[in-house]
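Trainee: Next one to model:
(one chain, ligands or ions: 1)
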Amino acid sequence: MHIKGWALPAALLAVLGLAGCGDLLGSEDRGVDATALINADADEANWITHGRTYSEQRFSPLDQVNAETVGDLGLTWFADMDTARGQEATPLVIDGKLYLTTAWSKVKAFDAATGETLWEYDPEVPGETAVKACCDVVNRGLAAWGDSLFLGTLDGRLVSLDRESGAVNWEKVTVDQAQAYTVTGAPRVIDGKIIIGNGGAEFGVRGYVAAYDASSGDELWRFYTVPEGNEDESSPDYLKAAAATWNSDVLAGSDAIGGGGTVWDSMAYDPDLDLLYIGVGNGSPWNRAYRSPGEDGTGEGDNLYLSSIVAIRPKTGEYVWHYQTTPGETWDYTATQHMILADMEIDGTRRQVIMQAPKNGFFYVLDRATGEFISAESYIPQNWAEGIDENGRPIFNPETRIDETGQPALVMPGPLGGHNWHPMAFHPGEGLVYIPAFEAATVYAPEANWKPDPARGFNVGFDLGAGDLPPDLGFRREVYGSVKGKLMAWDPVAQEERWTVEFAGPWNGGLLATGGGLVFQGNSSSEFAAYDAASGNKVWSFGAQTGIVAPPITYTVDGEQYVAVLAGWGGAYAITADGGLIESQAPVRNISRLLVFKLGGEAELPPEPELASLPLDPPPSRASAETIALGKGKYARYCAVCHAPGAVGSTLLPDLRRSGALGNRQTWQAVVHDGILKDNGMVAFEGSLTKDEIEAIRAYVIQRANEDKAIEGGGQVARR
Ligand code: CA
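Mentor: Numbering: from 1, shown residues only. Below you'll find the predicted structure:
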């Protein structure tokens, strides 16, 4: 079949049933074009764009695997990955070939039926880039157009690969690599334009999304989400409007901060309205007091377009409308979370809606043509807003506006949100959105006289050590035990929960809904499971040996249905949490591996490796209380984001309490000050920390290790 340049309208293609056949992309012409993307929903065999369709519903009509047959679902092949870090990617499947990205922005191609490796590509991201990534060295996937695949790398490159061979067609640097920009999201493609955003709002960057020509790599337009601070007559109207809601001196002054608003993950597209939707991230720094001093949060201090859904024209990058979920954002409440487009009847009228469950804990339904607010309700307990008024504006709880009070407060949700990047799914038959949600509060402690450090460290304007847990094992277990994970089925019309499955821990996987009436999800209890889409009953599960955070996909080869998920624990929660503290859950480990299932599949995983048990044997703590306090403060700002708050040891990155360098001042300085491990991601902190401060951090970690040795003994550390 010849598909390139096909002129039949989308609706006619669907009527003819042509889009449903397995070789939509044909054997002669392998191009993915606009028609194929617009009709992706009817192309049951393939998964050609990140959310399966431009509407990003993550619903597949495939139904061979259903409530009746799922008991026969078994592993048919698997592939081990060469990066034991967070795996967050959605694979693409095109005509029997499966393409995925892994941690460190690598790409791999497989025969989707047999698992045979077809090719691999490593962009060789410098290890030291890891220090710019807030939330692990992850990558969420690819875009396909023509005969090419498109990848965003952690160090900010957009790479075009030949889909058949993996050879590089071109690559283009999309960010200022001198700043702490990273790319972890999947590009999208609209009519030959590759759309990609970036991250880095914890480190002081200015967010934007840009479009690149698929054949040449030329930048076509760039849409900034926050003003530059020196807007004038010639600036775009939408940025002039935004500038009035910021303290421009802070954005444009000599100590300039980028303002944040990064577009690091979610996008969606409506081809009929020709609108591209982008989800915009949090403010930089988090503490709004340093962005809008003196504002009261009721108008000028909104800091547009932070935490907003923005609709833009994909051809030009022109602004069309926006809706701000959290005006005057100060809690890291991004609106970068997954957005789903669907049509549904609300109050007797057919509405074209866009739906999102951003970090702030409310589920939003908006009119996607106009941005008009339709409804919002809390999908998890939260305490920052008493509700959302009829205009769609939150009614703040003043005690949680820590940017205005200057006082610490326990706020729910915390910076992980009520829902993070893990994709939701929408089942059109059930009319339900499935949300991988969790409940996790945080103490936010405003930092007085804070100054940004453009070189290193979390630039958030809060004391990140304020919420550290005391050296009391029982109390720590209580706190970890209170952090709940949930799979929720949400009725977006009624704005209420239909059913909920609870998990022992938060940070469970992204979702897939199918025409077989099933919802698939991996979880932090090292399981991959299927649930009845209507009732939430668990109907099938598989022991995966590793925590799973990525969303599953499904496809067919030669008419046979497969379900695939990239397993491997990681991401923001995994690198900062002590996974051994949830008593009802085994320590979560990372075994990075693609798992592929089909009915009657009979493959078996190798035996689960033993947990390593590393001794906790620190030198005695002899430093002064003053030195330890200095080390605690510096640790919170520069170390905690990778090595866990309070140096409790994360499940993914080196546990400093058990570090061999802890007892050796010279080695410690060589690592932290000089950066001898920079290729592993541990860069030099010279310039941000003095040698005395680095020594104080060592003293603090020694003290913490001694506290924990007294309460934990040796303890098991979950590491491969
Ligand atoms: Ca953030």
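
Trainee: can you list the domains in the protein?
Mentor: 5-42, 141-384, 625-712 (automatic domain parsing).

Trainee: Tell me which of the ones you listed sits nearest to residue 453.
Mentor: Smallest distance to residue 453 across these (Cβ to Cβ): 5.6 Å, for domain 625-712. All C-beta spots, glycine's among them, are computed from the backbone N, C-alpha and C.

Trainee: what about that closest one, average pLDDT?
Mentor: Taken as a whole, domain 625-712 carries a mean pLDDT of 88.

Trainee: Could you do stretch 526-535 as well?
Mentor: Computed over stretch 526-535, the mean pLDDT rounds to 98.

Trainee: do stretch 104-119 as well
Mentor: On average, stretch 104-119 scores 98.

Trainee: now swap in stretch 480-495 and tell me
Mentor: In this model, stretch 480-495 has an average pLDDT of 92.

Trainee: By proximity to the ion, which residue of the stretch 301-450 of the chain wins?
Mentor: residue 332 (4.6 Å; Cβ to the ion).

Trainee: What about that residue, how many residues nearby?
Mentor: 27 (other Cβ atoms under 10 Å).

Trainee: give me every residue that touches the nearest residue to it once chain neighbours are set aside.
Mentor: Closest residue in space to residue 332, ignoring its immediate chain neighbours: residue 415 at 3.9 Å, by Cβ to Cβ, 6 or more residues apart in numbering. Contacts for residue 415 (Cβ atoms under 8 Å, 6 or more residues apart in numbering) come out as 286, 331-332, 359, 442.

Trainee: helix, strand or coil for residue 413?
Mentor: What DSSP: H, G, I helix; E, B strand; the rest coil gives for residue 413 is coil.

Trainee: Any stretches of the protein with poor pLDDT?
Mentor: Residues of the chain meeting the criterion pLDDT under 70: 1-30, 254, 293-300, 455, 578-581, 583-584, 651, 712-720.

Trainee: center of it - which residue?
Mentor: residue 421 (3.3 Å; Cα atoms, centre = their mean).

Trainee: was I right about it contacting residue 335?
Mentor: No. With contact defined as Cβ atoms under 8 Å, residue 421 does not reach residue 335; the gap is 11.9 Å.

Trainee: Where does the residue nearest to the centre of the chain sit, in terms of helix or strand?
Mentor: Using DSSP states H and E, residue 421 sits in no helix or strand.

Trainee: How much space separates the nearest residue to residue 172 once chain neighbours are set aside from residue 198?
Mentor: In space, and not counting its chain neighbours, residue 172 is closest to residue 217: 4.1 Å by Cβ to Cβ, 6+ apart. Distance, residue 217 to residue 198, using Cβ to Cβ, to the nearest Å: 16 Å.

Trainee: which of the two has more neighbours?
Mentor: residue 198 (25 against 18).

Trainee: Report the spatially closest residue to the closest residue to the ion within the stretch 551-700 of the chain, excluding sequence-adjacent ones.
Mentor: Nearest to the ion, among the residues of the stretch 551-700 of the chain, is residue 572, at 8.4 Å (Cβ to the ion). Leaving out its chain neighbours, the residue that sits closest to residue 572 by Cβ to Cβ, 6+ apart is residue 135, at 3.7 Å.

Trainee: The one you found: what's it in contact with?
Mentor: Residue 135 makes contacts with 86, 184, 199, 571-572, 575, as judged by Cβ under 8 Å, 6+ apart.

Trainee: next one: residue 463
Mentor: Residue 463 makes contacts with 445-447, 633, 636, as judged by Cβ under 8 Å, 6+ apart.

Trainee: cool, and residue 344?
Mentor: 350-351, 353, 431, 492-493.

Trainee: Let me know the helix or strand that it is in.
Mentor: strand 339-346.

Trainee: And residue 637, by the same measure?
Mentor: Secondary structure assigned from DSSP H and E places residue 637 in helix 625-638.

Trainee: Quick one: residues in contact with that helix.
Mentor: With contact meaning Cβ under 8 Å, 6+ apart, helix 625-638 is reached by 456-458, 463-466, 468, 621, 623, 645, 647, 685, 688-689, 693, 695-701, 703.

Trainee: related to what we said a few turns ago, give me the secondary structure label for the residue of the stretch 301-450 of the chain closest to the ion.
Mentor: Residue 332 falls in the coil class when you classify it by three-state DSSP.

Trainee: contacting residues around it?
Mentor: Contacts of residue 332 by Cβ under 8 Å, 6+ apart are 282, 286, 359, 414-415, 417, 460.
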